[in-house]
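A.B. asks: From the sequence below, what's the structure:
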Amino acid sequence: MAAQELVATQRDGDVLIIRLANPESRNSMTMDMREQLGAAIALAEREPGIRAVFLTGDGPTFCSGGDLNHLRTACDPWTVHRRFRNLSRWLTPLITLDKPVVVGVNGHAVGGGMGLALTGDVVIAGESAKFMSGFFRLGVVPDIAVMYHLPRLIGMARAKNFLFSGGTYSAQEAAELGLVSKVVADADLYDAGLTEARRLAEGPAEVMGLAKAVMARSFETSLHDMLAFEGFGQVLAMSNPEFREGLNAALERRRPDFSGAAAVANKGEET
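C.D. replies: Modelled structure (predicted):
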C-alpha cells in the first residue's frame with residue numbers, strides 16, 4: 001500500500017515548490033512527513049536545474065510542530081535519540097542547501113513548525129500568520145534549530161523572553177523584528193512566495209548558495225577567518241559561469257541571464 005502523500009512537490013521552471021500537504025493534522029511533523037520532506041530536499045539538492053525552493057503549507061496552518069500522539073509512546077531515551085539523530089537526514093540539508101529557500105507561512109507556525117519556517121533565507125507571512133513558541137507548554141526544550149536561528153535573528157535576550165514566556169508573534173511583529181521580510185494578504189501568500197522564489201532563481205543562485213555557506217559561519221568565526229572564507233568564496237564565484245554572465249551583461253548594458261548561463265554549463269558537464 002502506497003504511503004500517503006504528506007509532502008507534495010511541483011516544478012515551476014527553475015523553482016521547486018514543496019508543500020506540506022496534510023492539513024487534516026495541521027501539517028504536524030510526523031515521521032512520515034519528515035521522511036518525505038527529506039526526499040524533497042534531496043531532490044532540490046541533486047537537481048542542478050532547480051535554482052530556488054519555495055516551501056509552504058496547505059490549509060490554515062503552516063505547521064503545528066511535533067506529532068503529539070506519537071510523542072505519547074515515543075519518549076523513551078533511545079527513541080528520542082534516534083529521532084533527533086535522523087534530523088541530519090532532512091533538517092541539516094535544508095538549512096545548508098546551496099540554493100535560495102523562500103518560506104511562505106500560512107496561518108500558525110508552532111514550536112518545531114516555527115523552527116521549520118526559520119530555515120528560509122526569505123520568509124514571507126500571510127497577514128494572519130502566528131509564530132508560536134509552544135515548547136515549554138509541553139515541558140520540552142526548543143528544537144528544529146530554533147535555538148540556533150532565533151538568537152541570531154532577534155538577539156539572545158529577545159529569544160529567551162519569547163521562548164520562556166511561551167510567546168506568540170503576529171506576522172507584523174515578526175516583520176518588525178526581522179524574522180519575516182514581508183507580510184501580505186493571506187490570499188496573496190502563495191503568489192508572493194512563488195514570485196520571490198522565481199526572482200531568486202533568475203539571479204546568480206549558485207553564487208548565492210556559496211554566500212549562504214560563508215555567512216552561516218559568521219557568528220562563530222574570527223574576522224581573520226571570515227576574510228579568508230570570503231577570499232576563497234570569491235575564487236569559486238569568479239570561476240562560475242554566473243560571474244562571467246553577470247560581468248558581460250554589465251559591460252554590455254543588458255539584463256543578465258544567470259539561469260541560462262548555468263544551464264549551458266551544466267549541460268556541458270553532463271556530456
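A.B. asks: Who are the contact partners of F162?
C.D. replies: Contacts were defined as C-beta atoms under 8 Å, 6 or more residues apart in numbering; by that measure F162 touches S133, L150, I154, Y169. (Glycine included, C-beta is placed from N, CA and C.)
A.B. asks: For the first one, give me its contacts.
C.D. replies: I take that to be S133. Remark: with contacts taken as C-beta under 8 Å, 6+ apart, S133 is in contact with G111, M114, P142, F162, L163, S165, G166, G167, T168.
A.B. asks: State the distance from it to S165.
C.D. replies: Here the distance between S133 and S165 works out to 8 Å (C-beta to C-beta, to the nearest Å).
A.B. asks: so which of the contacts of S133 is the most crowded?
C.D. replies: In terms of neighbours by other C-beta atoms under 10 Å, the contacts of S133 top out with M114 at 30 neighbours.
A.B. asks: Now that residue. Nearest residue, chain neighbours left out?
C.D. replies: Among residues not flanking M114 along the chain, F131 sits closest, at 5.1 Å (C-beta to C-beta, 6 or more residues apart in numbering).
A.B. asks: Is it correct that that neighbour falls within a helix?
C.D. replies: No. If the criterion is DSSP: H, G, I helix; E, B strand; the rest coil, then F131 is strand and not within a helix.
A.B. asks: what sits opposite the nearest residue to D186 once chain neighbours are set aside in the beta ladder?
C.D. replies: Of all residues beyond its chain neighbours, the one nearest D186 is G126 (3.9 Å), with distances taken as C-beta to C-beta, 6+ apart. Counting by DSSP bridges, G126 is bridged to V184.
A.B. asks: Contact partners for G126?
C.D. replies: Each residue near G126 by C-beta under 8 Å, 6+ apart is listed here: G104, V105, N106, G107, A171, V183, V184, A185, D186, D188, L189.
A.B. asks: Which members of those residues define the maximum pairwise distance?
C.D. replies: Distances among the contacts of G126 were taken as C-beta to C-beta; the most separated pair is G107 and D188, at 14.4 Å.
A.B. asks: what distance separates the helix or strand of the chain with the lowest mean pLDDT from the centre of its chain?
C.D. replies: Here the helix or strand of the chain ranked lowest by mean pLDDT, DSSP states H and E is helix 68-73, holding a mean of 74. The chain centre lies 26 Å from the centre of helix 68-73; the measure is C-alpha atoms, centre = their mean, to the nearest Å.
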